[in-house]
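[1] coords please:
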Amino acid sequence: MQSSRPVIIGVAGGTGSGKTTVAQEIFKQFQGSSIVLIEQDAYYKNQDHLSFEERLKTNYDHPLAFDNELLYTHLLQLADRAPIEKPSYDYANHTRAKEVTRIEPKDVIILEGILILEDERLRSLMDIKAFVDTDADIRIIRRLMRDTKERGRSIDSVIEQYTSVVRPMHLQFVEPTKRYADVIIPEGGQNKVAIDLLATKIHTVVANKSLHG
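    Next comes the predicted model:
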(Lines give C-alpha, C1' and ligand atoms only; values in the text may rest on other atoms or scores of the structure.)
Protein backbone atom coordinates (compact mmCIF):
# COMPACT_ATOMS: atom_id res chain seq x y z
CA MET A 1 0.00 0.00 0.00
CA GLN A 2 2.92 2.28 0.75
CA SER A 3 3.44 3.26 -2.89
CA SER A 4 -0.20 4.03 -3.66
CA ARG A 5 -1.86 7.41 -3.27
CA PRO A 6 -3.62 7.96 0.08
CA VAL A 7 -7.40 8.02 0.34
CA ILE A 8 -8.62 11.57 1.02
CA ILE A 9 -11.99 12.04 2.76
CA GLY A 10 -13.63 15.47 2.94
CA VAL A 11 -16.08 16.20 5.78
CA ALA A 12 -17.87 19.54 5.39
CA GLY A 13 -20.88 21.22 7.01
CA GLY A 14 -21.93 24.42 8.74
CA THR A 15 -20.81 25.68 12.12
CA GLY A 16 -22.27 23.51 14.88
CA SER A 17 -23.36 20.84 12.39
CA GLY A 18 -21.33 18.10 14.08
CA LYS A 19 -18.79 17.73 11.26
CA THR A 20 -15.88 17.71 13.72
CA THR A 21 -17.56 14.94 15.72
CA VAL A 22 -18.17 12.93 12.53
CA ALA A 23 -14.53 13.35 11.46
CA GLN A 24 -13.30 12.33 14.93
CA GLU A 25 -15.63 9.31 15.07
CA ILE A 26 -14.34 8.08 11.70
CA PHE A 27 -10.79 8.70 12.90
CA LYS A 28 -11.50 6.57 16.00
CA GLN A 29 -12.77 3.69 13.86
CA PHE A 30 -9.40 3.62 12.07
CA GLN A 31 -7.23 3.89 15.17
CA GLY A 32 -4.19 1.74 14.84
CA SER A 33 -4.29 2.32 11.07
CA SER A 34 -2.30 4.84 9.05
CA ILE A 35 -4.63 7.86 9.29
CA VAL A 36 -4.43 11.60 9.94
CA LEU A 37 -7.08 14.27 10.59
CA ILE A 38 -6.46 17.76 9.18
CA GLU A 39 -8.70 20.72 10.07
CA GLN A 40 -9.22 23.51 7.55
CA ASP A 41 -9.26 25.91 10.53
CA ALA A 42 -5.49 25.44 10.85
CA TYR A 43 -5.17 27.09 7.44
CA TYR A 44 -6.62 30.51 8.18
CA LYS A 45 -4.46 33.12 6.46
CA ASN A 46 -1.53 34.75 8.20
CA GLN A 47 -2.47 38.32 9.18
CA ASP A 48 0.83 39.55 10.62
CA HIS A 49 0.82 42.46 8.17
CA LEU A 50 -2.45 43.86 9.58
CA SER A 51 -2.98 45.88 12.75
CA PHE A 52 -4.83 44.12 15.58
CA GLU A 53 -7.85 46.37 14.95
CA GLU A 54 -7.92 45.32 11.29
CA ARG A 55 -7.57 41.64 12.23
CA LEU A 56 -10.65 41.91 14.45
CA LYS A 57 -12.70 42.57 11.31
CA THR A 58 -11.76 39.20 9.78
CA ASN A 59 -14.75 37.25 8.49
CA TYR A 60 -13.78 33.68 9.40
CA ASP A 61 -16.82 32.26 7.57
CA HIS A 62 -15.78 33.61 4.16
CA PRO A 63 -13.75 31.51 1.68
CA LEU A 64 -11.13 34.26 1.41
CA ALA A 65 -10.22 33.81 5.10
CA PHE A 66 -8.52 30.50 4.26
CA ASP A 67 -5.10 29.88 2.75
CA ASN A 68 -6.40 27.17 0.42
CA GLU A 69 -3.30 27.54 -1.74
CA LEU A 70 -1.16 26.22 1.10
CA LEU A 71 -3.72 23.57 2.05
CA TYR A 72 -3.88 22.32 -1.54
CA THR A 73 -0.07 22.24 -1.76
CA HIS A 74 0.14 20.30 1.50
CA LEU A 75 -2.44 17.75 0.34
CA LEU A 76 -0.46 17.23 -2.87
CA GLN A 77 2.71 16.68 -0.81
CA LEU A 78 0.95 14.14 1.41
CA ALA A 79 -0.46 12.45 -1.71
CA ASP A 80 3.14 12.16 -2.96
CA ARG A 81 4.08 10.57 0.39
CA ALA A 82 6.04 13.62 1.58
CA PRO A 83 5.67 15.08 5.11
CA ILE A 84 4.26 18.58 5.70
CA GLU A 85 4.57 21.33 8.32
CA LYS A 86 0.94 22.01 9.22
CA PRO A 87 0.31 25.57 10.45
CA SER A 88 -1.67 26.46 13.57
CA TYR A 89 -3.81 29.50 14.28
CA ASP A 90 -3.72 31.89 17.23
CA TYR A 91 -7.34 32.96 17.79
CA ALA A 92 -6.40 35.38 20.58
CA ASN A 93 -4.20 37.40 18.23
CA HIS A 94 -6.19 36.67 15.05
CA THR A 95 -3.22 35.51 13.04
CA ARG A 96 -1.13 32.43 12.35
CA ALA A 97 0.86 31.07 15.29
CA LYS A 98 4.61 30.46 15.15
CA GLU A 99 4.18 26.75 15.94
CA VAL A 100 3.83 24.18 13.18
CA THR A 101 3.12 20.45 13.41
CA ARG A 102 5.00 17.94 11.31
CA ILE A 103 2.54 15.55 9.67
CA GLU A 104 3.89 12.33 8.21
CA PRO A 105 2.25 10.79 5.11
CA LYS A 106 -0.61 8.40 5.91
CA ASP A 107 -2.82 5.97 3.98
CA VAL A 108 -6.02 7.84 4.93
CA ILE A 109 -6.39 11.63 5.23
CA ILE A 110 -9.55 13.14 6.70
CA LEU A 111 -9.95 16.82 5.83
CA GLU A 112 -12.57 18.62 7.91
CA GLY A 113 -13.91 22.17 7.61
CA ILE A 114 -16.87 24.38 6.78
CA LEU A 115 -15.69 25.30 3.28
CA ILE A 116 -13.55 22.40 2.05
CA LEU A 117 -16.06 21.58 -0.70
CA GLU A 118 -16.18 25.20 -1.88
CA ASP A 119 -12.73 25.02 -3.50
CA GLU A 120 -12.65 23.02 -6.72
CA ARG A 121 -8.95 22.15 -6.32
CA LEU A 122 -9.54 20.62 -2.88
CA ARG A 123 -12.60 18.72 -4.15
CA SER A 124 -10.60 17.27 -7.01
CA LEU A 125 -8.28 15.51 -4.54
CA MET A 126 -11.05 13.87 -2.49
CA ASP A 127 -12.08 10.25 -2.93
CA ILE A 128 -15.17 10.68 -0.73
CA LYS A 129 -16.97 13.96 -0.03
CA ALA A 130 -19.36 14.09 2.95
CA PHE A 131 -21.61 16.97 4.04
CA VAL A 132 -22.98 17.01 7.59
CA ASP A 133 -26.47 18.52 7.33
CA THR A 134 -27.99 19.72 10.60
CA ASP A 135 -30.97 22.04 11.12
CA ALA A 136 -30.11 25.70 11.70
CA ASP A 137 -31.80 25.85 15.12
CA ILE A 138 -29.63 22.98 16.40
CA ARG A 139 -26.49 24.58 14.97
CA ILE A 140 -27.09 27.98 16.61
CA ILE A 141 -27.80 26.31 19.98
CA ARG A 142 -24.57 24.30 19.73
CA ARG A 143 -22.60 27.41 18.77
CA LEU A 144 -24.14 29.37 21.66
CA MET A 145 -23.17 26.66 24.13
CA ARG A 146 -19.65 26.29 22.74
CA ASP A 147 -18.81 29.99 22.51
CA THR A 148 -20.23 30.93 25.91
CA LYS A 149 -18.70 27.96 27.77
CA GLU A 150 -15.40 27.46 25.96
CA ARG A 151 -14.60 30.91 24.59
CA GLY A 152 -16.04 33.20 27.27
CA ARG A 153 -18.38 34.99 24.86
CA SER A 154 -21.63 36.67 25.90
CA ILE A 155 -24.91 35.30 24.53
CA ASP A 156 -25.64 38.67 22.87
CA SER A 157 -22.30 38.74 21.05
CA VAL A 158 -22.71 35.17 19.76
CA ILE A 159 -26.23 35.88 18.48
CA GLU A 160 -25.15 39.16 16.88
CA GLN A 161 -22.23 37.45 15.08
CA TYR A 162 -24.44 34.56 14.00
CA THR A 163 -27.17 36.76 12.51
CA SER A 164 -24.85 39.33 10.90
CA VAL A 165 -22.03 37.10 9.62
CA VAL A 166 -22.32 33.35 10.22
CA ARG A 167 -25.85 32.79 8.89
CA PRO A 168 -25.48 34.86 5.69
CA MET A 169 -22.10 33.26 4.95
CA HIS A 170 -23.57 29.81 5.54
CA LEU A 171 -26.40 30.47 3.10
CA GLN A 172 -24.09 32.03 0.51
CA PHE A 173 -21.07 29.73 0.65
CA VAL A 174 -21.52 26.64 2.84
CA GLU A 175 -25.04 25.38 2.05
CA PRO A 176 -24.53 25.43 -1.76
CA THR A 177 -21.54 23.06 -1.46
CA LYS A 178 -23.92 20.30 -0.35
CA ARG A 179 -24.48 19.52 -4.04
CA TYR A 180 -20.87 18.35 -4.37
CA ALA A 181 -21.21 15.76 -1.59
CA ASP A 182 -21.25 12.03 -2.30
CA VAL A 183 -22.79 11.43 1.13
CA ILE A 184 -25.07 13.68 3.19
CA ILE A 185 -25.12 12.91 6.91
CA PRO A 186 -28.13 14.31 8.80
CA GLU A 187 -27.68 15.34 12.45
CA GLY A 188 -23.91 14.95 12.56
CA GLY A 189 -22.22 13.00 15.32
CA GLN A 190 -25.51 11.57 16.60
CA ASN A 191 -25.95 9.62 13.35
CA LYS A 192 -24.06 6.44 14.22
CA VAL A 193 -25.51 4.49 11.26
CA ALA A 194 -24.25 7.03 8.71
CA ILE A 195 -20.83 7.19 10.38
CA ASP A 196 -20.53 3.39 10.33
CA LEU A 197 -21.58 3.25 6.67
CA LEU A 198 -19.05 5.92 5.76
CA ALA A 199 -16.30 4.09 7.67
CA THR A 200 -17.20 0.86 5.85
CA LYS A 201 -16.99 2.66 2.51
CA ILE A 202 -13.58 4.09 3.42
CA HIS A 203 -12.35 0.59 4.33
CA THR A 204 -13.50 -0.61 0.89
CA VAL A 205 -11.75 2.24 -0.94
CA VAL A 206 -8.56 1.66 1.04
CA ALA A 207 -8.68 -2.08 0.29
CA ASN A 208 -9.20 -1.44 -3.44
CA LYS A 209 -6.32 1.01 -3.57
CA SER A 210 -4.17 -1.49 -1.72
CA LEU A 211 -4.99 -4.18 -4.29
CA HIS A 212 -4.52 -1.99 -7.35
CA GLY A 213 -1.98 0.49 -5.99
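[2] Show me the shaky parts of this structure.
    Within the chain, the set of residues satisfying pLDDT under 70 comprises 1-3, 212-213.
[3] can you rerun that using 80?
    Applying pLDDT under 80 to the chain flags the ranges 1-3, 151, 188-189, 209-213.
[4] If you count contacts, what does the longest helix seen in it end up packed against?
    When the chain is parsed with DSSP state H, its longest helix is helix 192-212. Counting contacts by 3 or more C-beta pairs under 8 Å, 6 or more residues apart in numbering; DSSP states H and E, helix 192-212 packs against strand 7-13, helix 19-29, strand 128-133, strand 183-186. (Glycine included, C-beta is placed from N, CA and C.)
[5] all strands for this protein, in order.
    Ranges of strands within the chain are 7-13, 35-39, 84-90, 95-103, 108-112, 128-133, 183-186, based on DSSP state E.
[6] Next, the buried residues of the fourth one.
    The one in question is strand 95-103. Buried residues in strand 95-103, counting neighbours by 16 or more other C-beta atoms under 10 Å, are found at 95-96, 103.
[7] just curious, which of those is nearest to residue 22?
    residue 103 (20.5 Å; C-beta to C-beta).
[8] Isn't that closest one up against residue 78?
    Yes. Using C-beta atoms under 8 Å, residue 103 is in contact with residue 78, at 7.1 Å.
[9] Sounds good, over and out.
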